[in-house]
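Peer 1: what's the 3D shape of this:
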Amino acid sequence: MSNAERRPLPAYVWFLIGAAGAVVGLLPWLVAGGRLPLQNLAVDQSTTAMPFVLLPFSQYFLLAIVALLVVGAAAAGIAARALAPRRPRFGTTALVGGMLMVQLVAAVQATVVTVRLLERSSRTAVYAGAVGAVIVVSLLVGLLVVLLIGRSPVPGATIALSLAAVAAPTWIGTALRDAMLLASNDVVQPMLFVLRWMPAVLVGCAIAWCGFRTAGRITAVIVSLAALWIGPAFFTAVSSAAGTRVLAPYPSEMVEYGIQVFLMALTMPELVVPPLVVALIIGVGGSLLLARLRRGSRDPVPAT
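Peer 2: Numbering: from 1, shown residues only. Prediction:
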């Protein structure tokens, strides 16, 4: 690598990289049009013309909020890791600052626009507070993800990549949502198949990159597989509970229903086992292949 390729990039470039990662995370929602979902507590229930928002502020889009923010953080973290040799002093701080600036602007804009449309009542306070809490937690998880991927050793980065992998189908599905509602069954089924197996394939790739050479890496593999096991079950439970409108006035019953769905999804072998097997096969096979390629690159070229 030449001196020019090793020279640290300016801090403002890292700030822009972080901002770009956050924008990448928001892209599926922006591609889908960015129109605020219909609100059950809106003052005017007669209109379907909703304003533009940078995040889908709605109890029906909680998983989309998580995916948009976490995948954006993962994109910024991957860029930071790839450019590690050119990281300046405070480069990570600048990158995280750029990412959080975009994500906070999106969160505040969506919240303000939505709350202005809602009725003034205790129900609105509970609803806005609950969705706002999901946004805050997602921002914190995204912060952890970008730091682990961008700066931590391989085991920590592997776990963070696996967390982002679990959210990836929801991230892509946000852009495809309207198309899937309107498309024929022959088109929808292949799309669902790809989204169904995407987390297993991506987690398998992360495991292959990580390898099994040390106890720390083996632990990271186990945690990654646990994320692949628990994450989809949690997502299923949240979407089922939050999407059941009849339970909206009864938070305790909604939580109870969500727990029931979570435990059911967590303990169904036909749902749980196949993705874990696929991820492990890809991880082991990919790790062996990468190890062989690394050994081949280190072997001296025979003299002719």
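
Peer 1: contacting residues for Glu270?
Peer 2: Contact analysis of Glu270 by CB atoms under 8 Å, 6 or more residues apart in numbering lists nothing. C-betas here are computed from N, CA, C, even on glycine.

Peer 1: Buried residues, the helix or strand hosting it. List them.
Peer 2: Take DSSP states H and E as the rule and Glu270 turns out to sit in helix 269-298. Under the neighbour-count criterion of 16 or more other CB atoms under 10 Å, helix 269-298 has Leu271, Val272, Pro275, Leu276, Val278, Ala279, Leu280, Ile282, Gly283, Val284, Gly286, Ser287 buried.

Peer 1: so which one among those residues has the lowest pLDDT?
Peer 2: Within the buried residues of helix 269-298, pLDDT reaches its minimum at Leu271, with 85.

Peer 1: so where does the spatially closest residue to it that is not a sequence neighbour fall, helix or strand?
Peer 2: Nearest non-adjacent residue to Leu271, counting by CB to CB, 6 or more residues apart in numbering: Ala265, 6.2 Å away. Per DSSP H and E, Ala265 falls inside helix 251-266.

Peer 1: What mean pLDDT does that helix get?
Peer 2: 83.

Peer 1: Same question for stretch 74-90.
Peer 2: Rounded mean pLDDT across stretch 74-90 is 93.

Peer 1: export it as PDB, just CAs?
Peer 2: Provided in PDB are the C-alpha atoms of stretch 74-90 (Å, rounded to 0.1, in the frame of the first residue of the first chain):
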ATOM      1  CA  ALA A  74     -24.100  -1.500  10.200                       C
ATOM      2  CA  ALA A  75     -23.400   0.200   6.800                       C
ATOM      3  CA  ALA A  76     -21.400   3.000   8.600                       C
ATOM      4  CA  GLY A  77     -19.500   0.400  10.700                       C
ATOM      5  CA  ILE A  78     -18.500  -1.700   7.600                       C
ATOM      6  CA  ALA A  79     -17.200   1.500   5.900                       C
ATOM      7  CA  ALA A  80     -15.300   2.400   9.000                       C
ATOM      8  CA  ARG A  81     -13.700  -1.100   9.300                       C
ATOM      9  CA  ALA A  82     -12.800  -1.100   5.600                       C
ATOM     10  CA  LEU A  83     -11.100   2.300   5.900                       C
ATOM     11  CA  ALA A  84      -9.400   1.500   9.200                       C
ATOM     12  CA  PRO A  85      -5.900   2.100   7.800                       C
ATOM     13  CA  ARG A  86      -7.000   5.600   6.900                       C
ATOM     14  CA  ARG A  87      -8.700   6.500  10.200                       C
ATOM     15  CA  PRO A  88      -7.500   9.800  11.600                       C
ATOM     16  CA  ARG A  89      -7.500  10.800  15.200                       C
ATOM     17  CA  PHE A  90     -11.200  11.100  16.400                       C
END
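
Peer 1: Which secondary structure element of the protein has the lowest mean pLDDT?
Peer 2: helix 3-6 (a mean of 60; mean pLDDT, DSSP states H and E).

Peer 1: Following element in sequence after it, please.
Peer 2: Following helix 3-6 in sequence, per DSSP H and E, is helix 11-31.

Peer 1: mind listing what's buried in the helix or strand following that following helix?
Peer 2: Sequence-wise, the next helix or strand downstream of helix 11-31 (DSSP H and E) is helix 62-82. By neighbour count on 16+ other CB under 10 Å, the buried set for helix 62-82 is 62-81.

Peer 1: what's the angle from helix 62-82 to helix 11-31?
Peer 2: Orientation note: helix 62-82 sits at an angle of 150 degrees relative to helix 11-31 (axes from the mean of the first three to the mean of the last three CA atoms, to 10 degrees).
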